[in-house]
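> Okay, sequence plus prediction incoming.
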Protein chains: 2
Amino acid sequence: MAVYTEVSDDQLDAFLADYDIGELMAFKGIAEGVENTNYMLHTKRGYYFLTLYEKRVDPKDLPFFVGLMEHCAARGLNCPQPVKNKKGNSLGELAGRPAAIITFLEGISVRRPNNAHCAALGGALAQFHQAGEGFKIRRENALGPKGWQKLAAQCAPRADEVAPGLAALIAEEVAYLSARWPANLPAGVIHADLFPDNVFFLGEKLSGLIDFYFACNDLYAYDVAICLNAWCFEIDGSFNVTKGKALLSNYNSVRPLSNAEIEALPLLARGAALRFLLTRTFDWLNVPPGALVRPKDPKEYLKKLHFHRRIERAQDYGLAA
Amino acid sequence: MAVYTEVSDDQLDAFLADYDIGELMAFKGIAEGVENTNYMLHTKRGYYFLTLYEKRVDPKDLPFFVGLMEHCAARGLNCPQPVKNKKGNSLGELAGRPAAIITFLEGISVRRPNNAHCAALGGALAQFHQAGEGFKIRRENALGPKGWQKLAAQCAPRADEVAPGLAALIAEEVAYLSARWPANLPAGVIHADLFPDNVFFLGEKLSGLIDFYFACNDLYAYDVAICLNAWCFEIDGSFNVTKGKALLSNYNSVRPLSNAEIEALPLLARGAALRFLLTRTFDWLNVPPGALVRPKDPKEYLKKLHFHRRIERAQDYGLAA
């Protein structure tokens, strides 16, 4: 939500000299992105984003992130595309940070998705899964079951400050889910963070997906489960089965879910709720001094976790029987 | 430097329905503006700023600020222009704040102005003074000599934390300058905050002035004095007389300075240095808890004040004798 790195005139001029994007006409810091610094760049050729990758992004992951955008865009997905510099590179260095110029994607993220938005999201998620096929670089999911154990251990001493009994519940869930986590479901590149703020719409038409900085190789159905959590609950914590049905049926119409994926969905949704409960609990307990961003409430995902614990069949999410 | 007010989809839709600016295509928070919340708005018609006026802006000043932009733009000055809604109003309300849509001005602010930038600034400042003529609304300068006394009293108990002896120096300067402050120099609308970040360039060509939220009625030559302070000192604290000459001679060529204004310039420049020394000292001593923005160093203006105390004639700033 901030500009972490200031760029001097000379640094910017030198960086842009390597690109063939026309004369600079405007340059503004954007208050988006918790991980990176983003500027809007307007040149005679058009509008772009300039992203400086900050410390929380591991530089060795950048070829995966940048390559994935190129791969998906080449396969017809609407997503930002890195602009290559005159040497043919999509990544450069600016103000001591790895940096990339990325095309500007039109659209607005919706804060409260309606049924039509959830339906469109389901289809776009399936298209993303298909577009990622054949991408050669691999990246493990650092926030899968192994990552949960580490986070759970870090949160354990103070988790009960968030909610009484939370440390015990987390330990129980990590053990339960790790023991049952499916191994042989269809897998490939997943977005892993496809929340409403990472999906753009023009009206109710989905215009594209952004922010691939949690993408990794994992189960496709786990990505579906993350989206069920992120898109289909109401403010009051209740699950909206109409939205669930819209999301799942549109996903299914593009990339049909296998019986094994359908069967695993309640467990995967429970794991997805645990994953965000864990990271939000960690962030809640570890607010850096002077932070302007208020951490997101972990209890939202505690409620969702309790919901999924009671679900027995994927049909309860709205999937047609 | 932040988005202080979040706008919901419904609030934005309702607000934009009052405007005839075409379908919304993008909406992004901008990390600019210490006082207000700014969003970039892209519609089928073009690019705009959406500004929400936060608590530090007195709503009764808004007709002055918004009217001034309209007045100056109508008189040919390159500056942002408020867009009128369907009812003909330039000001509306959004998310409980007064809000305005303002045209997007191309250009980039320079962090280290060179001689050509200073020359262009001098001419643009004089054009702004001329463009403001005939503007009917008045606004007193809250940061003139009377305002200094109030700020000096607020800073006095802790000013020496910034620099030893600062409280005494401030008291001495406020008394000295208030007793000698000129009353009868040419006056009108001044910008009062025309620092490099409020001036846009395309290359070395000045493309426009922004941020009129300190504008007020005061002495034109005081505005020149503020710019001498803001544009013509080097990082090491030294005054660059070539830049001063460029600024002053280009100002003079558009709006000739009277002998009385020239004679008063050292005193006015000293007052301008005191004004920014005071507000920076106040901000330095009163950082709100959790602030992400580091306050600007008051000592920069302490150095400048000492410089002006030694100046005897306007010619020492580079003005041709």
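Thanks, I have it.
> is chain B contacted by the helix or strand containing A:Ala26?
Under the criterion of DSSP states H and E, A:Ala26 resides in strand A:24-30. Yes. Counting by Cβ under 8 Å from any Cβ of the partner chain, chain B is contacted by strand A:24-30 at A:24-30. C-beta coordinates here come from the backbone N, C-alpha and C atoms, glycine included.
> Return the closest of the residues you listed with respect to chain B.
A:Gly29 (3.6 Å; Cβ to the nearest Cβ).
> mind checking how far that closest one is from A:Lys60?
According to Cβ to Cβ, to the nearest Å, A:Gly29 and A:Lys60 sit 27 Å apart.
> What of A:Met25?
Distance, A:Met25 to A:Lys60, using Cβ to Cβ: 34 Å.
> Neighbour count for the two, which is higher?
For A:Met25 versus A:Lys60, neighbours defined as other Cβ atoms under 10 Å in any protein chain shown are more numerous around A:Met25 (17 against 8).
> In contact with the residue minimising distance to the centre of chain A, which residues are there?
The geometric centre of chain A, computed from its C-alpha atoms, lies nearest to A:Asp193 (Cα atoms, centre = their mean), at 1.9 Å. Taking Cβ atoms under 8 Å, 6 or more residues apart in numbering or on different chains, we find A:Asp193 in contact with A:211, A:213-215, A:226.
> please redo it, this time with the cut-off set to 10 Å
By Cβ atoms under 10 Å, 6 or more residues apart in numbering or on different chains, the residues touching A:Asp193 are A:143, A:211-216, A:223, A:226, A:230, A:276.
> What are the boundaries of the strands in the stretch 201-321 of chain A?
Taking DSSP state E, counting those that start in this stretch as the test, the strands found in the stretch 201-321 of chain A are A:205-209, A:216-219.
> Compile the residues of strand A:24-30 next to chain B into TSV and extend it with columns for pLDDT and distance to B:Asp13.
Shown next, in TSV, are those (pLDDT from 0 to 100; distance: Cβ to Cβ, whole Å):
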residue	pLDDT	distance to B:Asp13
A:Leu24	90	33
A:Met25	90	29
A:Ala26	90	26
A:Phe27	91	29
A:Lys28	89	24
A:Gly29	88	26
A:Ile30	87	22
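> Just the helices from the stretch 201-321 of chain A, written as ranges.
Ranges of helices in the stretch 201-321 of chain A, per DSSP state H, counting those that start in this stretch, are A:220-231, A:241-254, A:259-285, A:299-309.
> Let me know whether the third one sits next to chain B.
No. Interface with chain B: helix A:259-285 contributes nothing (Cβ under 10 Å from any Cβ of the partner chain), its closest point being 15.8 Å away.
> could you say what helices and strands that helix packs with?
helix A:145-155, helix A:166-180, strand A:216-219, helix A:220-231, helix A:241-254, helix A:299-309 (3 or more Cβ pairs under 10 Å, 6 or more residues apart in numbering or on different chains; DSSP states H and E).
> from the ones you listed, which stretch is densest packed?
Stretch with highest mean neighbour count among these: helix A:220-231 (a mean of 26; mean count of other Cβ atoms under 10 Å in any protein chain shown).
> my read: A:Glu32 touches A:Asn38, true?
Yes. If you go by Cβ atoms under 10 Å, A:Glu32 and A:Asn38 touch, sitting 5.8 Å apart.
> Just put the helices of the stretch 201-321 of chain A in CSV and tack on mean pLDDT.
Converted to CSV, the helices of the stretch 201-321 of chain A look like this (pLDDT from 0 to 100):
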stretch, mean pLDDT
helix A:220-231, 98
helix A:241-254, 97
helix A:259-285, 97
helix A:299-309, 97
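> Which secondary structure state is assigned to A:Phe200?
On the three-state scheme (DSSP: H, G, I helix; E, B strand; the rest coil), A:Phe200 is labelled strand.
> How much space separates it from chain B?
8 Å (Cβ to the nearest Cβ, to the nearest Å).
> which residues does that residue contact?
By Cβ under 10 Å, 6+ apart, the neighbours of A:Phe200 are A:78-80, A:105-110, A:206-210, B:25-27.
> of those residues, buried ones?
A:78-80, A:105, A:107-110, A:206-210, B:25-27 (16 or more other Cβ atoms under 10 Å in any protein chain shown).
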